[in-house]
Each structure stands twice: as C-alpha cells, then as structure tokens.
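1. below are the sequence and a predicted model; questions follow.
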Amino acid sequence: MPARRTHLAPHHAHGELAAALAALRTEFEVPLDFPPDALSEAAAAIPLPAPRDLRDIPFVTLDPVGSRDLDQAFHLERVGSGWRVRYAIADVPGFVHPGGALDRAARSRGQTLYLPDGTVPLHPRLLSEGRASLLPGETRSAYVWTAELDADGAAHSGRVERAVIRSRAQLDYPGAQRAIDAGHADGPLALLREVGLARSGQERLRGGASLSMPEEEIRETPSGYRIERRDPLPVEEWNAQLSLLAGITAGELMLGAEVGILRTMPPPEETALTEFRARVRALGQPWAQDLSYGEYLAGLDPTAVGTPAVRQAAAALFRGADYTSFDGALPAETRQAAIAAPYAHVTAPLRRLVDRFGLVVCAAICADEAIPEWARAALPELPALMRASNQRSGQLTSAALDRVEAAVLHDRVGDTLDAVVIEVRGAKARVQLTDPPVTAQCPADGLRAGTLVRLRVLGTDIASGTVDLAPVSI
C-alpha cells in the first residue's frame with residue numbers, strides 16, 4: 001500500500017480557514033444553486049428505452065471511498081487467450097434535454113468542482129448521485145463500450161451502444177486493492193490486474209506513459225481539515241486503463257467518421273526532450289537511451305530523494321492539452337501525446353460536460369445513424385466552454401490547497417522543517433515539505449532540484465493562502 005501522510009490544521013484556525021474557503025465561491029463566481037426550471041427538468045426526465053438488455057452481465061463500479069456520482073461500471077471476462085472488456089457509462093444524455101434549462105446550467109458549469117468544504121456538481125444531485133448514477137442494485141440505462149483484447153492487451157475491435165444494465169457491487173479502491181493482494185478478488189475484479197497491466201504494456205509500446213503524481217487531498221473531518229499526500233494505488237492505475245481504452249476507441253471512431261471532439265496534446269519539442277534528459281541526469285536518475293519514456297517513468301524509485309523532481313520535470317514536458325472539435329476536415333493535431341494515441345473524453349458525463357456529446361456522437365457512428373443535430377451543432381462551442389471550466393477548476397483547487405496549507409503551518413511559525421526541492425525557476429524554488437505534507441515556494445538562494453533542504457517558517461496568512469519560507473544553512 002502507498003505511503004499516506006496526513007496533517008491536521010490547528011483547531012483554533014478552523015474558523016478563519018472555513019471563512020477563507022467559503023470566500024473562494026464568491027471570488028471565483030462559483031454557481032451554487034440550480035435554477036428551479038433546471039431542477040424540475042431533472043426530476044421529470046426519463047431516458048428513452050435502451051435497445052439492449054445487459055442486466056445479466058455482473059457489472060461492478062470502482063471509485064474512491066464514499067463516492068455517489070458513479071459514472072462507470074466495468075465487466076471483464078476471459079475470451080480465449082485474451083479478454084472482453086465492457087465499460088458502462090452513465091446515460092446522462094437521456095436525462096438532459098438539448099437546449100433546455102438543465103443543459104444551459106451544465107454548459108455554464110462545465111464540470112463538477114471539488115472543494116474542501118463540499119462539491120459543486122455539474123448536474124443536480126438527484127441525478128448525479130441518484131437517478132443517473134450507476135448505483136448497485138439499480139436498473140440503469142447506460143452507454144456500454146465493448147472491446148476485444150488479444151493476449152498482449154491490444155484492442156482489435158471497439159464499439160459503444162445504449163443498453164440496460166444493473167451494477168452488482170460498489171467497490172472502493174482500498175478494499176479492492178486488499179482483495180487483489182490477498183488473492184480474494186472475484187468476479188470482474190479478479191481480472192482487473194492482468195487486464196490493467198496488459199493495457200499498460202500497450203501504452204509503453206505506443207510510446208505513452210501514465211505519470212503517477214502523488215495526490216494532495218484535502219479532507220474535512222469532525223476534527224477539522226486534513227491534508228493527505230499519497231501515491232495512487234496500483235488498482236487505480238489498472239482501473240484508469242479501462243477508461244483510457246474507451247477514450248482511445250472513441251478518438252479512433254471520431255477520426256474515422258471525420259466528426260467529433262478530441263482531447264489533444266502536442267508532442268514535446270526535441271529541445272525539451274534534450275533538456276529533460278539533461279535535467280534527470282543531473283538529478284541522479286538518467287534516462288537510458290534504450291528505454292522508452294514510459295519505461296523510464298515506470299522504473300522510477302518512488303522512495304528516491306530526486307523522484308519528486310523527476311516527476312515534476314516529466315509533468316512539465318507535455319504541455320498544451322486542449323479540446324479540438326472537427327466536422328469534415330481532420331484537425332492538424334489528432335493525438336494526445338502523453339497517451340500516444342487519438343483520445344476523447346467519454347467516460348465521465350456526470351462530472352464533465354464534453355463527455356455527454358462525445359458519447360452521443362460515438363453511439364451514432366457505431367449504429368451507422370445520423371449524429372443528432374443538437375450534438376453536432378454544439379461541437380464548435382465545447383472547446384471554449386471546457387477551457388473556461390478547466391481554468392476555474394484549476395485556480396479553485398490551487399487556491400483552496402494554498403489556504404489549507406497555510407492553516408496547517410499556522411502553528412509552525414519559527415520552526416525549521418525538512419523538504420525536497422522539486423523545481424527551481426529563476427529566483428523561486430518549489431519545495432515539498434516532508435512533515436507536514438505541504439508544497440510551497442521559497443527563495444531559490446542557490447537551491448538545486450532533487451536535493452534536501454531545511455526551511456524555516458517565517459509566517460503564514462490563511463486568508464490569502466500565503467506561506468513565507470526561507471532556506472536555513474545546514
């Protein structure tokens with residue numbers, strides 16, 4: 001199991017922190033309540049009957065502990081020397097009337113926002129956590145992706161269709177990992193490890209790589225807000241490969257039909273790759289010429305002092321992720337470089353606007369039917385809507401984390417703490433404190449990425465989320 005480090009904000013700072021977090025909703029103009037007509041539409045909407053009945057297939061869901069907005073359910077079975085993957089996605093298009101009040105509200109939001117003091121959902125909770133969610137034991141219409149994999153994990157066919165399903169169980173990541181490690185996993189979960197590893201192998205063959213960055217999570221507990229930093233569990237990586245498989249299949253379908261919306265990213269420039277090689281060599285973890293980028297990242301030692309700096313450099317290597325819509329001529333950029341394949345977002349419609357349209361486009365392509373005009377007409381508008389939504393989400397997440405980190409360090413002013421330098425840019429260094437798990441900036445003052453450093457906490461301001469740190473001579 002990955003290391004999990006936590007630290008709690010001091011109790012006397014809770015009131016100030018709660019006020020600072022609440023202020024973010026006003027500062028970033030976060031939409032709070034849904035309009036009454038959107039709520040009425042959500043309550044009254046009933047999806048059309050699905051053409052197929054797959055309730056005999058024992059789907060399961062796999063999500064973080066306590067999740068209610070369940071977008072995906074999966075089923076895996078062995079077929080000859082390979083596997084059949086079924087990946088069911090919540091039928092959000094069945095509940096959202098094109099051009100209606102609920103559609104307008106979703107377009108203004110773009111995606112579910114995750115804040116320490118609660119989520120701001122893309123759709124009303126009666127849908128996202130109720131009638132549209134793939135909750136266990138409930139009959140649901142869904143968009144079901146089906147892919148046939150060979151013994152090496154390569155996909156030789158892929159399609160999507162609407163069907164009726166019923167999930168058998170709601171699994172969570174820690175429990176699933178324990179069951180797999182103990183050899184007690186059954187049903188679809190029993191095959192997740194081998195399918196996930198096979199797809200990871202295909203990713204490396206393509207030249208792609210899934211960069212497993214440690215996650216910084218803010219949790220509200222009865223005792224206050226807590227920061228947790230942890231590395232993703234292996235089961236999360238394997239599960240993510242199922243989503244990537246559906247997204248790659250969707251991208252290929254759209255390109256074949258010359259209509260759709262892709263998640264694109266240009267490849268890094270040769271100069272950037274050369275700089276990356278030089279940087280990781282200086283960090284003591286050189287990238288061997290005979291290893292692919294994915295193989296290099298997969299072989300990193302997560303416990304090495306320089307690994308956080310290597311991961312930071314890798315994250316900066318691929319930039320320019322965007323949404324690219326097209327109808328007719330193919331766009332100049334058709335691939336997501338980090339995945340090393342065409343790719344589309346189609347697996348999280350409860351939480352992300354663009355997925356609803358991608359599902360409808362791909363289902364029409366697979367059924368050899370005309371794409372609904374409402375979906376086709378929306379394609380040119382979606383990139384701008386998603387860019388704006390991603391920008392607000394990123395700014396909110398960063399600002400919230402800054403405020404919680406300032407609260408966590410509130411009682412440590414004057415203390416000297418250990419840290420790892422993960423990046424140096426000009427006069428500033430980005431550092432990762434060991435305990436408490438806080439990431440912040442300090443004056444570079446000759447610091448080098450990948451090295452240990454001692455820092456003194458000079459001051460904090462919870463309202464603005466600022467932390468003042470200074471290197472201390474060892």
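-> Thanks, I have the structure now.

2. how about residues contacting stretch 294-305?
-> Stretch 294-305 is contacted from outside by 2, 200, 203-204, 207-211, 231, 284-285, 287-288, 291, 307, 310-311, 314, 420, 450-452, using Cβ atoms under 8 Å, 6 or more residues apart in numbering. Quick note: C-beta positions are derived from backbone N, CA and C, even for glycine.

3. any of these buried? List them.
-> Taking 16 or more other Cβ atoms under 10 Å as the criterion, what is buried in the contacts of stretch 294-305 is 200, 203-204, 207-210, 285, 287, 307, 310-311, 314, 420, 450-451.

4. give me the neighbour count for residue 133.
-> For residue 133, the neighbour count with other Cβ atoms under 10 Å is 23.

5. now the one 10 residues further on
-> Neighbouring residues of residue 143 were enumerated by other Cβ under 10 Å; the total is 30.

6. returning to what we had before: which residue in the buried ones among the contacts of stretch 294-305 has the weakest pLDDT?
-> Ranked by pLDDT, the buried ones among the contacts of stretch 294-305 bottom out at residue 210 (76).

7. so what strands line up beside the top strand by length along the chain?
-> In the chain, with assignment by DSSP state E, the single longest strand is strand 155-172. With DSSP bridges as the test, strand 155-172 is paired with strand 52-53 (parallel), strand 59-63 (parallel), strand 139-149 (antiparallel).

8. whatever helix or strand comes next after that strand - what's its average pLDDT?
-> Going down the chain from strand 155-172, the next helix or strand is helix 173-181, by DSSP states H and E. Mean pLDDT, helix 173-181: 97.

9. swap in stretch 249-259?
-> 98.

10. now for residue 169: which residues touch it?
-> In this structure, residue 169 makes contact with 60-61, 136, 187, judged by Cβ under 8 Å, 6+ apart.

11. and what of residue 123?
-> Residue 123 touches 42, 92, 95-96, 102, 106, 132, 350, counting by Cβ under 8 Å, 6+ apart.

12. now residue 141
-> Contacts of residue 141 (Cβ under 8 Å, 6+ apart): 47-50, 91, 94, 162-165.

13. which pair in these spans the largest distance?
-> Within the contacts of residue 141, 48 and 165 form the most distant pair, 15.3 Å apart (Cβ to Cβ).

14. between these two, which one's more packed in?
-> Neighbours of residue 48 and residue 165, each counted by other Cβ under 10 Å, are more numerous for residue 165; the result is 27 against 10.

15. which residues in the stretch 1-150 of the chain form strands?
-> 4-8, 52-53, 59-63, 72-79, 82-90, 113-115, 118-120, 139-149 (DSSP state E, counting those that start in this stretch).

16. pLDDT on the second one, on average?
-> Here the mean pLDDT over strand 52-53 is 97, rounded to a whole number.

17. what residues does it touch?
-> 144, 161-164.

18. again, 6 Å this time
-> Residues external to strand 52-53 that are found in contact with it (Cβ atoms under 6 Å, 6 or more residues apart in numbering): 163-164.

19. just the strands in the stretch 151-300 of the chain please.
-> Counting by DSSP E, counting those that start in this stretch, the strands of the stretch 151-300 of the chain are 155-172, 215-221, 224-230, 259-264.

20. between the ones you listed, which gets nearest to residue 194?
-> Comparing the strands of the stretch 151-300 of the chain by Cβ to Cβ, strand 155-172 comes nearest, at 15.2 Å.

21. just for the stretch 101-250 of the chain, where's the confidence low?
-> Applying pLDDT under 70 to the stretch 101-250 of the chain flags the ranges 213-214, 216, 220-224.

22. now do the buried residues in stretch 287-297.
-> Buried positions in stretch 287-297, judged by neighbour count with 16+ other Cβ under 10 Å: 287, 292-294, 296-297.

23. mind checking the end-to-end distance for it?
-> Taking Cα to Cα, to the nearest Å as the measure, stretch 287-297 stretches 9 Å from start to finish.

24. ok, now stretch 24-44?
-> End-to-end distance for stretch 24-44, by Cα to Cα: 33 Å.

25. do a quick rundown of the helices in the chain.
-> Along the chain, the segments classed as helices by DSSP state H run 14-27, 36-44, 101-109, 125-126, 173-181, 189-206, 234-257, 270-282, 293-298, 307-317, 353-366, 373-378, 382-408.

26. tell me which of those helices sits nearest to residue 444.
-> Closest to residue 444 of those, according to Cβ to Cβ: helix 307-317, at 13.6 Å.

27. outside of the closest one itself, list whatever touches it.
-> 211, 213, 268, 272, 276, 279-280, 283, 285, 300, 420, 422-423, 432, 449-450.

28. restrict it to CA atoms and write it as PDB.
-> Provided in PDB are the C-alpha atoms of helix 307-317 (Å, rounded to 0.1, in the frame of the first residue of the first chain):
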ATOM      1  CA  THR A 307      12.000  11.300  -7.800                       C
ATOM      2  CA  PRO A 308       9.600  14.200  -6.900                       C
ATOM      3  CA  ALA A 309      11.800  16.500  -9.000                       C
ATOM      4  CA  VAL A 310      11.900  14.000 -11.900                       C
ATOM      5  CA  ARG A 311       8.100  13.700 -11.800                       C
ATOM      6  CA  GLN A 312       7.800  17.500 -11.800                       C
ATOM      7  CA  ALA A 313      10.100  17.700 -14.800                       C
ATOM      8  CA  ALA A 314       8.100  15.000 -16.600                       C
ATOM      9  CA  ALA A 315       4.800  16.800 -15.900                       C
ATOM     10  CA  ALA A 316       6.200  19.900 -17.400                       C
ATOM     11  CA  LEU A 317       7.500  18.100 -20.500                       C
END
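
29. to the chain's geometric centre, what's the distance from that helix?
-> 18 Å (Cα atoms, centre = their mean, to the nearest Å).

30. what's the angle between that helix and helix 270-282?
-> Angle of helix 307-317 versus helix 270-282, following axes from the mean of the first three to the mean of the last three Cα atoms, to 10 degrees, is 180 degrees.

31. returning to what we had before: how about a markdown table for the contacts of residue 141, with distance to residue 344 added?
-> Output for the contacts of residue 141, formatted as a markdown table (distance: Cβ to Cβ, whole Å):
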| residue | distance to residue 344 |
| --- | --- |
| 47 | 22 |
| 48 | 23 |
| 49 | 26 |
| 50 | 22 |
| 91 | 18 |
| 94 | 20 |
| 162 | 18 |
| 163 | 20 |
| 164 | 24 |
| 165 | 22 |
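
32. between the residues you listed, which has the most around it?
-> residue 165 (27 neighbours).

33. beta partners of that one?
-> Residues in beta-bridge contact with residue 165 (DSSP bridges): residue 140.
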